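In: Let's see this in three dimensions:
(one chain, ligands or ions: 1)
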Amino acid sequence: MRKLFKGKVLLFMMMSLMLLLAACSSSGTGGNTDNSDTSSGDSKSSDKLVIGFSQVGAESEWRTANTKSMQDAIKAAGHELKFSDAQQKQENQIKAIRSFIAQKVDAIVFSPVVETGFETVLQEAKDAGIPVFLSDRAVDIEDDSLWVTFLGSDFVEEGRKAANWLVEETADVEGDVNIVELQGTVGSAPAIDRKEGFEEVIADHPNLKITKSQTGDFTRAKGKEVMEAFLKSDGDNIDVLYAHNDDMAIGAIQAIEEYGLKPGEDIKIIGVDAVKGAFEAMAAGKMNVTVECNPLFGPQMVDLIEAHLAGETIEKRVAVEESMYTMDQAEELLPTREY
Ligand code: GZL
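Out: Coordinates of the predicted model:
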């Protein structure tokens, strides 16, 4: 009995020892494994950013293409996008930026609908330690510490290009050349600068005269409406239309045709943006030239955000490369246009 008992005690002790050893080895191995798992989990810092993007609106083909370029680039980079369409209203942009601040985003991309009135909210973003990247349009603010950089076109140069085309086009014309101008959104950087660049060039050519100038707010509908008014008041004395974007030019083309004149012939049509609609109008002989304003800079903007957050120094002003296209190039280039 005793032997049996002794045997049982020995078996129990051996089993207990085995269980004890198993427990130690699993916690020891598990611990390291866990640690190594944990440490490997911790060691891979997450580089996914949350980016707030306050966009002007959806007023033109250009804007739609710019929005898509930004959305696609942020998604392709694996970041999270919080998007706001301000419907061309400043108060909506201010609300959106405040919302991004409250959500503690990593960066704010902002295309200001107009140049002024944003200083307070940009100071709030700075105070919250959130970097702001100006996209497409600039702000008229002394303190440039309120944004990291401005990535966009040189609108003054775009105005110069438009006017220089007209100077060449009218070099042999005797007498005055009467120009009507459809301005972009009042107070916006592109409207202010495209007017400035155009007027800087025609100042040296006194026969080139802007006889009427009014905002069409960058939309086709408003461009058509204002052109109808121009034609009604002085339709027989209009030689050229200078539109600050192609959408307003396309609206004006409809008004000119309804008035009974031939756009592109009776009235020369100058636009800006180089959107597909302009190439279609030029291929149809209804528009003469469009100055490119490239909206497809989403990848460039994401690169700038990532570089800044990685501690790299970013230039305060980064220009987008662009060209100009005329009626005779339109048919061949139309299939290649991305926006
Ligand atoms: C220019 C952009 C302008 C476009 C218009 O960079 O801000 O706004 O020229 C758009 O088409 O409405």
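In: So which bits of the stretch 101-250 of the chain are right by the ligand?
Out: Residues of the stretch 101-250 of the chain lying near the ligand by CB under 6 Å from any ligand atom: 136-137, 152-153, 190, 218, 245, 247. Bear in mind the C-beta positions are built from the backbone N, C-alpha and C, glycine included.
In: Now do the helices in the chain.
Out: Using DSSP state H, the helices of the chain run over residues 2-43, 61-76, 90-102, 119-127, 155-169, 189-202, 220-234, 246-259, 276-283, 298-309, 327-333.
In: Give the other helices and strands that the fourth one contacts.
Out: Other helices and strands packing on helix 119-127, by 3 or more CB pairs under 8 Å, 6 or more residues apart in numbering; DSSP states H and E, are helix 90-102, strand 132-135.
In: Adding mean pLDDT, write those out as CSV.
Out: Formatted as CSV, the helices and strands packed on helix 119-127 follow (pLDDT from 0 to 100):
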stretch, mean pLDDT
helix 90-102, 98
strand 132-135, 98
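In: Using a markdown table, lay out the residues of the stretch 101-250 of the chain next to the ligand together with pLDDT.
Out: Formatted as a markdown table, these follow (pLDDT from 0 to 100):
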| residue | pLDDT |
| --- | --- |
| 136 | 97 |
| 137 | 97 |
| 152 | 96 |
| 153 | 96 |
| 190 | 98 |
| 218 | 98 |
| 245 | 98 |
| 247 | 98 |
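In: Mind picking the two most distant members of the residues you listed?
Out: Maximum pairwise distance among those (CB to CB): 18.0 Å, between 152 and 247.
In: I'd guessed residue 255 sits against residue 227; true?
Out: Yes. Assessed by CB atoms under 8 Å, residue 255 is found in contact with residue 227 at 4.0 Å.
In: the more surrounded of these two?
Out: residue 227 (31 against 22; other CB atoms under 10 Å).
In: ok, the more buried one - contacts?
Out: Residue 227 makes contact with 180, 182, 216, 241, 251-252, 255-256, according to CB atoms under 8 Å, 6 or more residues apart in numbering.
In: So which of the residues you listed is the closest to residue 96?
Out: When those are compared against residue 96 (criterion: CB to CB), the nearest one is residue 216, at 25.2 Å.
In: wait, what's in contact with the closest one?
Out: Counting by CB under 8 Å, 6+ apart, the residues that residue 216 touches are 182-184, 222-223, 225-227, 243-244, 248, 251-252.
In: Between those residues, identify the one with the most neighbours.
Out: The most crowded member of the contacts of residue 216, judged by other CB under 10 Å, is residue 244 (35 neighbours).
In: quick one: which of residue 152 and residue 247 has more around it?
Out: With neighbours defined as other CB under 10 Å, residue 152 and residue 247 compare such that residue 247 has more, 31 against 24.
In: Can you tell me how far the closest residue to the more buried one other than its chain neighbours is from the ligand?
Out: Distances taken as CB to CB, 6 or more residues apart in numbering place residue 60 nearest to residue 247, at 4.2 Å, with adjacent residues excluded. Distance, residue 60 to the ligand, using CB to the nearest ligand atom, to the nearest Å: 3 Å.
In: quick revisit: TSV for the residues of the stretch 101-250 of the chain next to the ligand, including distance to residue 282?
Out: Compiled in TSV, those are given as follows (distance: CB to CB, whole Å):
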residue	distance to residue 282
136	24
137	26
152	25
153	20
190	21
218	19
245	15
247	15
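In: Out of the helices and strands packed on helix 119-127, which is the most enclosed?
Out: Highest mean neighbour count among the helices and strands packed on helix 119-127 (mean count of other CB atoms under 10 Å): strand 132-135, with a mean of 25.
In: Could you spell out the sheet neighbours of it, each with its direction?
Out: The partner list of strand 132-135 in its sheet, established with DSSP bridges, is strand 107-110 (parallel), strand 149-152 (parallel).
In: looking at these, which is buried most?
Out: Of all the strands paired with strand 132-135, as judged by average neighbours under mean count of other CB under 10 Å, the leader is strand 107-110 with a mean of 26.
In: For that one, list the C-alpha coordinates in PDB.
Out: C-alpha atoms of strand 107-110 as PDB (Å, rounded to 0.1, in the frame of the first residue of the first chain):
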ATOM      1  CA  ALA A 107      -2.400  69.500 -41.100                       C
ATOM      2  CA  ILE A 108      -4.900  71.900 -42.800                       C
ATOM      3  CA  VAL A 109      -4.900  72.500 -46.500                       C
ATOM      4  CA  PHE A 110      -6.800  75.700 -47.400                       C
END
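In: So what's the residue count around residue 49?
Out: 18.
In: again, but for the one 5 residues further on
Out: By the criterion of other CB under 10 Å, residue 54 has 27 neighbours.
In: List the beta-bridge partners for it.
Out: Counting by DSSP bridges, the residues bridging with residue 54 are residue 84, residue 110.
In: Touching, it and residue 87? I think so.
Out: No. Applying CB under 8 Å, one finds residue 54 not in contact with residue 87, separated by 11.6 Å.
In: among the helices and strands packed on helix 119-127, which is nearest residue 232?
Out: Per CB to CB, nearest to residue 232 of the helices and strands packed on helix 119-127: helix 90-102, 31.7 Å.
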